[in-house]
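Q: here is a sequence together with a model predicted from it:
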Amino acid sequence: MPSTAALLSQAFNGLALGSLLALVASGLTIILGTLGVLNFAHGALFAVGAYTAFVMMQATHSFVLALLGGSAVMLIVGFAMERLVIRHFYARPDEDQILVTYGIGIVLVEGLRAYFGGNSQRVPVPSWGVGATKLGFMIYPTYRLQLIGIVAALLVGLYLVLYRTSVGLVVRAGIENAGMVGILGIDVRRTFLFVFAVGIVAVGLAGMLYAPVVAVTPDMGASFMVQSFVVIVLGGLGSFPGAVIGGLIAGEIISLTSAFDSAYSEVMLYGLMALVLVARPQGLFGTEGRV
Amino acid sequence: MSLAKSLDRRRLLLGGAAGLLLPGLGRGALAESPARIGTFPDGVSADSVFVGLNMPLTGVFSGDGSDLKLGYELAIAQINAGGEIPAVWGLKGKGVLGRQIRHKVADTEGKPNVAVQAATQFIQRDKAILFQGSVSSAEAIALEELASRDKVLYMVGIAGSNDVTGKNCQRYGFRSQQNAYMAAKALAPVVAKALGTKLKAAFLVPDYTYGQTVYDSFAKFTKEQGWTQVLKETVPLGTADYSSALLNIANSGADVFVNICFGSDAVASTKQAEQFGILSSMKLVVPNLSAFQDKEVGPELMQGVYGSCDFWWTMQDRAPLAKRFVESFEQKNRYKPRWGAHIGYLQTYLWALSVERANSFNPVDVIKVMESSKAQPYETTIGKVYYRAEDHQMVRPIPILRGKAPKAMTGPEDYYELLDLVDGESVMNPPDLFGCRLGSYT
């Protein structure tokens, strides 16, 4: 049996890991929940975000500027993707949407590989995040501590934009009945464009924030994509609060299992997902038949 | 006349016919080897043979895979062109037995099933006389099985698991890289001497054949040096965030952190270990260094790190063939070759040499030449080497490296100091230790 200190430190790590997983999954669930599109380019866009941070860091030597510049780039990527491709697929069957986004993912990843090569790129931890901090019962990387705060702020910001503004209201009304919203004189298409781009910026930001921690390679998004799916299945497909809670649960499961035996972390995660699918197929916060 | 005798005569006649039709193929085929086996003789035309290359160009191992590919391509280009370098290796004229090598490359993504699919195409569509390559031991094991089933020679690429020339060894597979046992037996005394003998070690182990066998061997040999294991953290291949495992390691009270992860997994886990303060409180030992770990992690973190690998470019000072390899590679590719490239280069030359020694592309003859290479070792980039007849593991020297501090580096790629070149004979496992049964030739 692990010591209390070990359990406590893993529980804390679960929180940090979970908040990052929540941010990674939020972009996926926002687009799925509001536009009904399952974006299989999600992992590739995560990688695009990380590479954007790499390029911006080299150009500006400032992580904050890299985040701001990177967000602008991701916004443009999101606009372009929606305008050029996704828009034409809203009315098409799910399998068409999956195929086209999957294809975009391949193009993006191979584009990164063609330009940057297959080896991983170095994105340094920002100067204000270097080192480790003593927390009494354990030592924890300073940057990861800061990430908890940054991610929490970003998630709250996303929630406010999507659920507490008039734009968010239009989005949700548009999902229920786009025709009626149009008759009322509101441009739903523009709102959809906005939501799609916000989702892409969210996943891009997750990639940028994760870049100093993980190996920045063209394929880096693959494992995050799988975990994002687990998170949104746990939390409920298309539910934003579900992604946050799902992310935290996933983080805690992975971390707390590691206190006993890290080899079983993923088994426990998928085991829990299977249980949720059996007991509550719509997920913890999902609405049956919504997506 | 018995049926067996009539078959023998028939086979002899066929062999004779093939020998007459395709001069240069025949001598071995006429002696004892079957005239027709695998892709032989269909895969040998009057002027060329085909070689299939399999390696991950995407995924966790893509860095090592790309390097490996360049090594193969350099060797093939040199052999086809003929001239001084192939002549020093001992090859005659241009090509192999006068035939040019054609080749194609397949991306295996590091996945055994994709690798087998690609190699099967090489065999069936292109009549490959040889296929090569791997960056994961799991891939290598799958390809070896295919090779023995289809009777086509397979030269293993990057693969460190004991199983490749152990319980999964195959008659048609040959490996030049040292196995985990050899690497660990060579490295353990060096690190124990440098770091101390009464140390506590924490292991980070990727959960597949490579990770488990490297762990088994390194734990065994460091225990013999007096080390005790305080923690073993097992993680899935391709993990992105190691925080939960590293948190346990950071709190384990270990003196040494043994990181067995490979490829971009090694990069991510080392970066994260530094962020957890592990690299400042523990010494890092990497039993098998990945090809670009130095550059990707950076010398700041890699300084003082002990590890082994197949080849390091400063070995060019010790063997004339190594110097030619490093220079020609750098001239073509604008960087110092890593050991992935070296494996590709070495294995291609050794196959070509063995074919010329056998005077035949018949895989059975070539296998027999390699199996008897102890009596006539190959002079190579790493000195004299041979493949052991019992398990097809190469007996070869093993470089032991230590990461240089940034200010001690004399050039941008001078990442390691070559501490030792451990004699291969002294670190070999008994051939039957890992349960190798090679299987039949035909």
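A: Happy to help now that I have it. Numbering: from 1, shown residues only, chains lettered A, B, ... in the order given.
Q: chain B contacts on the stretch 151-291 of chain A?
A: A:210, A:212-215, A:217-220, A:222-224, A:254-255, A:257-259, A:261-263, A:265-266 (CB under 8 Å from any CB of the partner chain). Yep, even glycine has a C-beta here, placed from its N, CA and C like the rest.
Q: run through the stretch 151-291 of chain A and note the low-pLDDT ranges.
A: A:175-176, A:288-291 (pLDDT under 70).
Q: in the top helix by length along chain A, what's buried?
A: Using DSSP state H to define each element, chain A has its longest helix at helix A:4-35. Residues A:6-10, A:12-14, A:16-35 are the ones in helix A:4-35 that count as buried (16 or more other CB atoms under 10 Å in any protein chain shown).
Q: return a PyMOL selection command for the buried portion of the residues of the stretch 151-291 of chain A next to chain B.
A: Selecting only the buried entries of these in PyMOL, with 16+ other CB under 10 Å as the criterion:
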select buried, chain A and resi 210+212+213+214+215+217+218+219+220+222+223+224+254+255+257+258+259+262+263+265+266
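Q: circling back: and chain B, which of the buried residues of helix A:4-35 reach it?
A: The residues of these that also fall near chain B, by CB under 8 Å from any CB, are A:6, A:9-10, A:13-14, A:16-17, A:20.
Q: could those go into CSV alongside pLDDT?
A: CSV is the format used below for those (pLDDT from 0 to 100):
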residue, pLDDT
A:6, 85
A:9, 88
A:10, 92
A:13, 92
A:14, 93
A:16, 90
A:17, 90
A:20, 89
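Q: need the residues you listed in JSON lines (columns: distance to residue B:396).
A: Listed next are these as JSON lines, based on distance: CB to CB, whole Å:
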{"residue": "A:6", "distance to residue B:396": "43"}
{"residue": "A:9", "distance to residue B:396": "44"}
{"residue": "A:10", "distance to residue B:396": "43"}
{"residue": "A:13", "distance to residue B:396": "43"}
{"residue": "A:14", "distance to residue B:396": "46"}
{"residue": "A:16", "distance to residue B:396": "45"}
{"residue": "A:17", "distance to residue B:396": "43"}
{"residue": "A:20", "distance to residue B:396": "44"}
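Q: C-terminal to the longest helix of chain A, what's the next element?
A: With elements assigned by DSSP states H and E, the helix or strand that comes after helix A:4-35 is helix A:42-60.
Q: so for that next one, mean pLDDT?
A: The average pLDDT within helix A:42-60 is 96.
Q: what about that helix and chain B, touching?
A: No: shown here: helix A:42-60 not in contact with chain B (CB under 8 Å from any CB), separated by at least 9.9 Å.
Q: residues touching residue B:370, list them.
A: For residue B:370, the contacting residues are B:174, B:350, B:354, B:387, B:392, by CB atoms under 8 Å, 6 or more residues apart in numbering or on different chains.
Q: repeat that for 10 Å
A: B:153, B:155, B:174, B:350-351, B:353-354, B:357-358, B:378, B:386-389, B:392, B:394 (CB atoms under 10 Å, 6 or more residues apart in numbering or on different chains).
Q: in strands, which of those residues appear?
A: Using DSSP state E, the subset of the contacts of residue B:370 located in strands is B:153, B:155, B:174, B:378, B:386-387, B:394.
Q: give me the domain ranges for chain B.
A: As assigned by automatic domain parsing, chain B contains the domains B:37-178+B:315-396, B:181-309+B:399-427.
Q: may I have the beta-bridge partners of the closest residue to residue B:122 other than its chain neighbours?
A: Excluding the flanking residues, the one nearest residue B:122 by CB to CB, 6 or more residues apart in numbering or on different chains is residue B:52, at 2.9 Å. According to DSSP bridges, the residues that bridge with residue B:52 are residue B:104, residue B:131.
Q: residue B:52 touches residue B:154, doesn't it?
A: Yes: shown here, residue B:52 and residue B:154 form a contact pair, counting by CB atoms under 10 Å, at 9.4 Å.
Q: any residues in contact with both of the two?
A: Joint contacts of residue B:52 and residue B:154 (CB under 10 Å, 6+ apart) are B:119, B:128, B:130-133, B:143.
Q: nearest residue to residue B:352 in space, please, no chain neighbours.
A: Closest to residue B:352 by CB to CB, 6+ apart is residue B:96, at 4.6 Å.
Q: the one you found: how many residues sit nearby?
A: 27 (other CB atoms under 10 Å in any protein chain shown).
Q: again, but for the one 3 residues further on
A: Here the neighbour count serves as a burial measure; for residue B:99 (other CB under 10 Å) it reads 20.
Q: could you do residue B:304 as well?
A: 14.
Q: okay, helices next: where are they in the stretch 151-300 of chain B?
A: Along the stretch 151-300 of chain B, counting by DSSP state H, counting those that start in this stretch, helices occupy B:180-195, B:209-224, B:243-250, B:264-275, B:278-281, B:293-297, B:299-302.
Q: just checking, what packs against the third one?
A: For helix B:243-250, the helices and strands in contact under the criterion 3 or more CB pairs under 10 Å, 6 or more residues apart in numbering or on different chains; DSSP states H and E are helix A:4-35, strand A:139-141, helix A:240-260, strand B:200-206, strand B:228-235, strand B:256-259, helix B:264-275, helix B:278-281.
Q: state the distance from residue B:313 to residue B:339.
A: Separation of residue B:313 from residue B:339 (CB to CB, to the nearest Å) stands at 9 Å.
Q: wait, residue B:268 touches residue B:242, no?
A: Yes: Residue B:268 lies in contact with residue B:242 (CB under 10 Å); the separation is 6.7 Å.
Q: shared neighbours, these two?
A: Joint contacts of residue B:268 and residue B:242 (CB under 10 Å, 6+ apart) are A:213-214, B:261.
Q: pipe those into a markdown table and attach distance to residue B:344 per row.
A: What follows is those, written out as a markdown table (distance: CB to CB, whole Å):
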| residue | distance to residue B:344 |
| --- | --- |
| A:213 | 32 |
| A:214 | 28 |
| B:261 | 23 |
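Q: of these, closest to residue A:68?
A: Distances from residue A:68 to the shared contacts of residue B:268 and residue B:242, taken as CB to CB, are shortest for residue A:213 (19.7 Å).
Q: list the contacts for the closest one?
A: Taking CB under 10 Å, 6+ apart as the definition, contacts of residue A:213 comprise A:20, A:50, A:123, A:125, A:129, A:141, A:143-144, A:147, B:240-243, B:268, B:271-272, B:275.
Q: perfect, I'm done here.
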